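**Student:** everything below, folded, please.
(chains A and B)
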Amino acid sequence: MTIIDRSSTGTDLTLSGVVADYGAKERVGFFTDTSICIGCKACEVACKEWNDVPEDGLNFLGHSYDNTGQLSADTWRHVAFVERPEPEGGLKWLMSSDVCKHCTSAGCLEVCPTGALFRTEFDTVVVQEDVCNGCGYCVSACPFGVIDQRKGDGRVWKCTLCYDRVKGGHTPACAQACPTQSIQFGPLEELRARAAERVSTLQAAGDTRARLYGDDPSDGVRGFGAFFLLMDEPEVYGLPPDPVSPTRDLPDMWRTAAVAAVSMLGLAAATLLPGGRR
Amino acid sequence: MPKERVLVPEATPMSYYGQPILKPPTWKWPIPAYLFTGGLAAGSALAAAGLRTGGARSAARDASLLSMGAVAVSGAFLVHDLGRPSRFYNMLRVFKPTSPMSVGTWIFSAFSAATGAAVAAEVGKAAGVLPDPLAATVSRAGQVAAAVIAPALGTYTAVLIADTSVPAWKEAHRQLPPLFAASATAAGAGAVVALTTLTSGTVPAGPARMAVAGAVAELACDEAMHRRLESVETGDLAHPDLASPYQEGKARTLHRAARLTTLAGVAMTALGGLVGRRRPALAVLGGTGLAAGSALTRFAIFEAGRASAINPVYTAGPQRRRLGQGVAGHRP
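**Tutor:** Numbering: from 1, shown residues only, chains lettered A, B, ... in the order given. Prediction:
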């Protein structure tokens, strides 16, 4: 068995940066180009159909055409509808299909105490529903509010980047269903190159607010496996502007806790031992 | 010259229909309750070992019983809060240093075993099953081992909640571990003061000193945490910084109650057991107050964390400022 060192990409901090080779494949992901999203929600529907995701309420939110609201245990693709007033008057209508980011440094996976969350051979992040015991730690760890607990089920659920389809050499359901190629699936490196070209085209055409979100491997989560081309600030779409994996500061936290623990022992010894008699 | 006045409406950070960016913690009341009972178990285990070293075996046994009770209740809280309680044992599949909950599971298990051994030996002796040289050795070894693990049990929970994306917890990741250590010390020693005074009629001096010192440290660490959170600004007028969640709603009430209760506990424990003649009734009240103050502190932190997670201003505001972009603009 060969051992591959992933410490350079930080994909698995669990075992001193070294993981067994389980047949690693080229990293795949999504490039969601929101500039050509038409808000048809075919991705939401295809995802639910393929992954057998339960219905999660037929609501009227009054938020433009968005009646799903947000990503949740039962919504793994969510189309956001933003009605942005323009400085020169009128509205700009922005649509964007949100999804799990499949972070390089994935907080959910790192804090999972059971090993239910794991990294696949395609470098995607997936929950094993037969292992998850519903502790909820990943829910608070995720800097994007993606993963959540399913009511009445107790376990957590999120996008698997259609692990089953990808294993079989197919395109994930959402990307397959997308009629405008707003959702593109493929090897991550290829997608990044395509995205860089697309954003410069848009910038040149005068869309100065167009920007890539999550394409930079040096960001707080070391790059997304599913990144975006946005037409405004991330917060406008309900996305955090500078997401950071909580475990980035974990070594510092353990050090602080060790100092606190030793102080606790010291304080107990200093107060108890001189007057041990009572 | 007229005084300056604001002519432009205050900008607030943009959001998606005011919706939260993060998911609120799924954890319910058993988790903050465990933050308290876990600390109580740790603090009382230290007090037990101290009493035992000083030769007070029966007081040490009572303290160990208290610690064991707190651990048992803790276990029940932790399992009850799982989405799938019947799968609690899946926590024991792995050991992951990147998961404070996994590390904590093993700390908790080791601590339970040590305290359990100490208590079993003492119960065995009382029941006439285990003769004394052996019972004494086992209970002493168990108490010492529990005391060695106790500081880890009392502090890992701070790392557990700090290692999240919840703004009011994450941004206090350097202040939470000392606060939790101090709070556990105050709670455990305070409860032991109350218990020992009740069972023996005498106020134990060592635990009383430990409880007061722990509670003073708790108040100081709490202040340090608030100063740190105040320094993390959001750019929003109504919610200017990450200490703001403590100024509203449940967290505000709990936090004020925690400070008052702990202060009263310090005064009563000191007057009852350390200053002047001993006043057992006051010491019992004081020790109980310190434990209650610790519990309120944990619930205040929990509620503030929840409040900080559901308001997108606390998530996006500090991130924007970190990027050096200030406030993004405003929605008319």
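**Student:** CA only for contacts and neighbour counts going forward, please
**Tutor:** OK.
**Student:** in stretch B:74-84, what's buried?
**Tutor:** Going by neighbour count (16 or more other CA atoms under 10 Å in any protein chain shown), the buried part of stretch B:74-84 is B:74-75, B:77-84.
**Student:** who's in contact with residue 196?
**Tutor:** Answering for chain A, as no chain was given. Residues in contact with residue A:196 (CA atoms under 8 Å, 6 or more residues apart in numbering or on different chains) are residue A:212.
**Student:** um, chain B though
**Tutor:** When contacts are counted by CA under 8 Å, 6+ apart, residue B:196 touches B:59, B:62-63, B:202-204.
**Student:** what subset of those residues is also close to chain A?
**Tutor:** B:202-204 (CA under 8 Å from any CA of the partner chain).
**Student:** coming back round to it: which of the contacts of residue B:196 has the largest number of neighbours?
**Tutor:** Counting neighbours by other CA atoms under 10 Å in any protein chain shown, residue B:63 comes out on top of the contacts of residue B:196 with 31 neighbours.
**Student:** excluding chain neighbours, give the residue nearest to that residue in space.
**Tutor:** Closest residue in space to residue B:63, ignoring its immediate chain neighbours: residue B:48 at 5.0 Å, by CA to CA, 6 or more residues apart in numbering or on different chains.
**Student:** that neighbour and residue B:59 touch, don't they?
**Tutor:** Yes - assessed by CA atoms under 8 Å, residue B:48 is found in contact with residue B:59 at 7.4 Å.
**Student:** isn't residue B:177 right next to residue A:252, touching?
**Tutor:** No - contact criterion CA under 8 Å: residue B:177 and residue A:252 do not qualify, at 11.1 Å.
**Student:** neighbour count winner among the two?
**Tutor:** For residue B:177 and residue A:252, the more surrounded residue by other CA under 10 Å is residue B:177, and the numbers stand at 29 against 14.
**Student:** how much space is there between residue B:36 and residue B:226?
**Tutor:** Residue B:36 sits 20 Å away from residue B:226, going by CA to CA, to the nearest Å.
**Student:** what about those two, which has more around it?
**Tutor:** Set residue B:36 next to residue B:226 and count neighbours by other CA under 10 Å: residue B:36 wins out with 30 against 18.
**Student:** which strand or helix spans that one?
**Tutor:** helix B:30-53 (DSSP states H and E).
**Student:** next secondary structure after that helix?
**Tutor:** helix B:57-80.
**Student:** now that following helix, how far from the chain's geometric center?
**Tutor:** The chain centroid and the centroid of helix B:57-80 are separated by 16 Å under CA atoms, centre = their mean, to the nearest Å.
**Student:** which strands or helices does the helix or strand just after it pack on?
**Tutor:** Downstream of helix B:57-80, the first helix or strand assigned by DSSP H and E is helix B:100-126. Helix B:100-126 is packed against helix B:57-80, helix B:132-162, with contacts defined by 3 or more CA pairs under 8 Å, 6 or more residues apart in numbering or on different chains; DSSP states H and E.
**Student:** neighbouring contacts of the shortest one?
**Tutor:** Residues lying outside helix B:57-80 but in contact with it, judged by CA under 8 Å, 6+ apart, are B:30-31, B:33-34, B:37-38, B:40-42, B:44-45, B:47-52, B:85, B:88, B:112, B:115-116, B:118-119, B:122, B:143, B:192, B:195-196.
**Student:** among those, the buried ones, what's the PyMOL command?
**Tutor:** Entered in PyMOL, the line below selects the buried ones among the contacts of helix B:57-80, by 16+ other CA under 10 Å:
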select buried, chain B and resi 30+31+33+34+37+38+40+41+42+44+45+47+48+49+50+51+52+85+88+112+115+116+118+119+122+143+192+195+196
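**Student:** output the set of residues of the stretch 151-300 of chain B in proximity to chain A.
**Tutor:** Selection of the stretch 151-300 of chain B residues close to chain A by CA under 8 Å from any CA yields B:151-152, B:154-156, B:158-159, B:162-166, B:170, B:173-174, B:177-178, B:181-182, B:185, B:202-207, B:209-210, B:213-214.
**Student:** which one of the helices and strands packed on helix B:100-126 lies closest to residue A:102?
**Tutor:** Set against residue A:102 and scored by CA to CA, the helices and strands packed on helix B:100-126 come closest in helix B:132-162, at 22.0 Å.
**Student:** how far does the helix or strand residue A:257 falls within sit from the chain's center?
**Tutor:** Following DSSP H and E, one finds residue A:257 within helix A:250-272. Here helix A:250-272 is found 35 Å from its chain centre; the criterion is CA atoms, centre = their mean.
**Student:** now it against helix B:100-126, angle please.
**Tutor:** Helix A:250-272 and helix B:100-126 meet at an angle of 30 degrees, taking axes from the mean of the first three to the mean of the last three CA atoms, to 10 degrees as the criterion.
**Student:** what secondary structure does residue A:29 sit in?
**Tutor:** Under the three-state scheme (DSSP: H, G, I helix; E, B strand; the rest coil), residue A:29 adopts strand.
**Student:** and the residue nearest to residue A:56 when sequence neighbours are not counted, what does it touch?
**Tutor:** Take residue A:56 and drop its neighbours on the chain: the residue closest to it by CA to CA, 6+ apart is residue A:74, 6.0 Å away. Residues near residue A:74 by CA under 8 Å, 6+ apart: A:53-56, A:150, A:157-158.
**Student:** neighbours around residue 151, how many?
**Tutor:** No chain in the question, so chain A it is. Applying other CA under 10 Å, we find 12 residues neighbouring residue A:151.
**Student:** my bad, the chain I had in mind was chain B
**Tutor:** Residue B:151 has 30 neighbours, counted by other CA under 10 Å.
**Student:** one step back: and the contacts of residue B:196, which is closest to chain A?
**Tutor:** residue B:204 (5.2 Å; CA to the nearest CA).
**Student:** and the helices in the stretch 201-332 of chain B?
**Tutor:** For the stretch 201-332 of chain B, the helices defined by DSSP state H, counting those that start in this stretch occupy B:205-230, B:249-273, B:280-310, B:312-322.
**Student:** chain A now?
**Tutor:** Along chain A, counting by DSSP state H, helices occupy A:42-51, A:107-111, A:137-141, A:163-167, A:173-177, A:188-204, A:250-272.
**Student:** got JSON lines for those helices, with mean pLDDT too?
**Tutor:** Formatted as JSON lines, the helices of chain A follow (pLDDT from 0 to 100):
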{"stretch": "helix A:42-51", "mean pLDDT": "97"}
{"stretch": "helix A:107-111", "mean pLDDT": "96"}
{"stretch": "helix A:137-141", "mean pLDDT": "98"}
{"stretch": "helix A:163-167", "mean pLDDT": "95"}
{"stretch": "helix A:173-177", "mean pLDDT": "97"}
{"stretch": "helix A:188-204", "mean pLDDT": "97"}
{"stretch": "helix A:250-272", "mean pLDDT": "96"}
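**Student:** quick one: contacts for the closest residue in space to residue B:28 that isn't next to it in sequence?
**Tutor:** Distances taken as CA to CA, 6+ apart put residue B:81 closest to residue B:28, at 6.8 Å, once the chain neighbours are dropped. Residue B:81 makes contact with A:135, B:27-28, B:30-31 under the criterion CA under 8 Å, 6+ apart.
**Student:** contacts only, for residue A:44.
**Tutor:** Residue A:44 makes contact with A:75-79, A:174, according to CA under 8 Å, 6+ apart.
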